[in-house]
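give me a model of this one.
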Amino acid sequence: MYPGAHPAGRTALVMAGSGRSTTYGELEERSTRLAHFLRESGLSRGDTVALLTDNSIHAYEVYWAAVRSGLYLTAVNRHLTAAEVAYIVADSKAKALVVSAALDEPAGRLVDALPDVGTRLAYGGPVDGYGDYESALAVSSPVPPAEQPRGGDMLYSSGTTGRPKGIRAPLRDVDVSEGDNHLTPLTRSLYGFGPDTVYLSPAPFYHAAPLRFGASVHAVGGTLVMMEHFDPEDALRAIERHRVTHSQWVPTMFVRMLKLPESARRHDLSSHRVAIHAAAPCPVDVKRAMIDWWGPILHEYYAATEGIGMTVIDSETWLEKPGSVGRAVLGTVHVCADDGAQLPPGEVGTIYFERDERPFEYHGDPDKTRSAQHPLHPNWTTTGDLGYLDEDGFLHLTDRKAFMIISGGVNIYPQETENVLALHPSIADVAVIGVPDEEMGEAVRAVVQPAPGAEPGPGLERELIEHVRSRLAHYKAPRAVDFVDSLPRTPTGKLVKGELMRRCR
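Down below sits the predicted model:
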């Protein structure tokens, strides 16, 4: 469904901080006007419009304009440098670029770097080299065109190794009024999304889950509450103020909320029925603590921007299978050795999802696309994560293949050690990596941001190492601890471990 399918006066989106909101009627009209403008600027089905924005109501106007025009929307990470943004916009072959005036510094530098982008608009204020967004809408028709082929998104991988690549799924031959994205039916059946849903999104719009789940809220006629940026207590306030029914998080957000003082946790969360989380493995102790606090409303899923498949697990099942990310609801899971052979339950290998057809390609990179395919089954694809299936078919993650540590010939999964350290009272943030070692090949090292009041030094280093040794085999404990002011994380809280490893090697 699309905005025009819902009552015009219903609230479609509200900003949690400012309180600014838009109705479905306004979202329908403004996205229609922008769709006309883009068509009249020469964009046609299969073309790309790029968007560089902060969290803003306008972001979903651009999204729905693209989707109702048969276009791909490439939402670009607003924290990238101008050169990195220019690479993505050029690589996506975008014919139009829409920017927020809040990001005028990088946006202004893109004008000369992207001479082939013929259509440029800025909203929220003037930006040199860009047309005025409101003026463009004012001269365009509010009447939906007769043909509205459904478009989609083309988002870019994080670029853990090398430059990021666009993830491009084929467009379906359906009208926007007829087809939803693949996620919407799942949000209805799994989480009860519907017209009464009030969904809190605390993460940046440009990431796959916030963008796609927000679009699914609009598809079913619910209300999307978007935070300008995540703050742990502000998130709790937003649940109380807006009577939020559904939300989505990443594990680091849970950690930050759990570390709030008791006085900051006292908000009315009684409306909150479903708390979804994903994006990174959640430490068992963290998830238990959240279930103890919020009740059995946590729902975890494992998926990827590439859309290769999806597993899910609810709180009750997780308490029986702690650490699992559930069973597949999209695709079939296979765990395979390096030669492609399927592994028996309990053995760690590369996680593949089998689909009826290959779900995506990496734009302009057939070699990378092939590397994501199983050597014998092209319709089995992977993003490089490692894990195992238990005897009941539940998937357990261990780590990404690129981050596995091989020390003395033994495989060590850093996530396991990070999970043990996550809630230690002297730690604000932690990462575990492998560093070169002459004797063992690689050695385990923890990189720690101390909590306020914690004194970094040899004493705390010994305490943390012994803490791990008391819970895990000694070879999984760090040999050394580095103390830093902060760790490199995305605004969603995802650790940029590749950057950290480059710093420490």
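
low-confidence bits of the stretch 201-350 of the chain, can you list those?
Applying pLDDT under 70 to the stretch 201-350 of the chain flags no residue at all.

in it, which spans are strands?
Using DSSP state E, counting those that start in this stretch, the strands of the stretch 201-350 of the chain run over residues 223-226, 246-249, 274-277, 298-302, 310-314, 324-330, 332-336, 349-354.

could I get these as CSV with mean neighbour count and distance to Leu495?
(Glycine included, C-beta is placed from N, CA and C.) Output for the strands of the stretch 201-350 of the chain, formatted as CSV (neighbours: other CB atoms under 10 Å; distance: least, CB to CB, whole Å):
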stretch, mean neighbour count, distance to Leu495
strand 223-226, 25, 24
strand 246-249, 26, 15
strand 274-277, 21, 15
strand 298-302, 22, 17
strand 310-314, 21, 21
strand 324-330, 19, 18
strand 332-336, 19, 24
strand 349-354, 23, 19
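
can I get those in JSON lines including distance to His36?
As requested, these are arranged in JSON lines below (distance: least, CB to CB, whole Å):
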{"stretch": "strand 223-226", "distance to His36": "24"}
{"stretch": "strand 246-249", "distance to His36": "33"}
{"stretch": "strand 274-277", "distance to His36": "35"}
{"stretch": "strand 298-302", "distance to His36": "37"}
{"stretch": "strand 310-314", "distance to His36": "35"}
{"stretch": "strand 324-330", "distance to His36": "35"}
{"stretch": "strand 332-336", "distance to His36": "43"}
{"stretch": "strand 349-354", "distance to His36": "39"}
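
which among these is found nearest to His267?
strand 246-249 (12.9 Å; CB to CB).

how about residues contacting that closest one?
With contact meaning CB atoms under 8 Å, 6 or more residues apart in numbering, strand 246-249 is reached by 191-193, 197-203, 209-210, 213, 222, 235, 239, 272-278.

repeat that for stretch 406-418.
Contacting residues not belonging to stretch 406-418 are listed as 281, 283, 348, 386, 397-399, 403-405, 430-434, 437, 439-444, 446, 468, 472, 475-478, 497 [CB under 8 Å, 6+ apart].

swap in 7 Å and give it another go.
281, 398-399, 403-405, 430-434, 440-444, 468, 472, 475-476, 478 (CB atoms under 7 Å, 6 or more residues apart in numbering).

in strands, which of the residues you listed appear?
Mapping the contacts of stretch 406-418 onto strands (DSSP state E) picks out 398-399, 405, 430-434, 441-444.

out of those, who's nearest Ala66?
Asp399 (35.1 Å).

ok, now how distant is the closest one from Arg471?
Using CB to CB, to the nearest Å, Asp399 is found at 17 Å from Arg471.

which element is the closest residue to Gly4 other than its chain neighbours on?
In this structure, Gly4 finds its nearest non-sequential neighbour in Glu28, 4.2 Å apart by CB to CB, 6 or more residues apart in numbering. For Glu28, the element it lies in under DSSP states H and E is helix 24-40.

more crowded one of Asp399 and Arg471?
Asp399 (23 against 15; other CB atoms under 10 Å).

pretty sure that one sits against Leu386.
Yes. Using CB atoms under 7 Å, Asp399 is in contact with Leu386, at 5.6 Å.

neighbours of Gly221, just the number please.
19.

give me the domain ranges for the protein.
3-179, 405-504 (automatic domain parsing).

pLDDT on the shortest one, on average?
When the per-residue pLDDT values of domain 405-504 are averaged, the result is 86.

also the first one?
For domain 3-179, the mean pLDDT works out to 91.

which strands and helices sit next to the helix or strand hosting Ile465?
Under the criterion of DSSP H and E, Ile465 resides in helix 458-469. Counting contacts by 3 or more CB pairs under 7 Å, 6 or more residues apart in numbering; DSSP states H and E, helix 458-469 packs against helix 414-421, strand 480-483.

return the distance of the first one from the chain's centre.
Here the centre of mass of C-alpha atoms in helix 414-421, compared against the chain's by CA atoms, centre = their mean, to the nearest Å, lies 21 Å away.

how much does it deviate in direction from helix 458-469?
Helix 414-421 and helix 458-469 are oriented at 110 degrees to each other (axes from the mean of the first three to the mean of the last three CA atoms, to 10 degrees).

who's in contact with the residue lying farthest from the centre of the chain?
Distance to the chain centre peaks in the chain at Glu439, reaching 38.4 Å (criterion: CA atoms, centre = their mean). Going by CB under 7 Å, 6+ apart, Glu439 touches no other residue.

from Gly408, how far out is it?
8 Å.

likewise Trp249?
37 Å.

can you check Gly214 too?
Relative to Gly408, and taking CB to CB, Gly214 is found at 47 Å.

more neighbours: which of the two?
Gly214 (24 against 12).

show the contacting residues for the more buried one.
So Gly214 contacts 60, 201, 224 (CB under 7 Å, 6+ apart).

the second one touches Ala209, doesn't it?
Yep, that's Ser201 we're talking about. No. Using CB under 7 Å, Ser201 is not in contact with Ala209; the gap is 8.8 Å.

these two: who's more crowded?
Taking other CB under 10 Å, Ser201 and Ala209 do not tie; Ser201 has more neighbours (26 against 21).

could you measure from the more buried one over to Met227?
For Ser201 relative to Met227 (CB to CB), the value is 7 Å.

please apply the same query to Gly326.
27 Å.

and if you look at Ala275?
Distance, Ala275 to Met227, using CB to CB: 15 Å.

now Trp318
Taken as CB to CB, the span from Trp318 to Met227 is 26 Å.

and the two? Which one has more around it.
Just comparing Trp318 and Met227: by other CB under 10 Å the higher neighbour count belongs to Trp318, 23 against 19.
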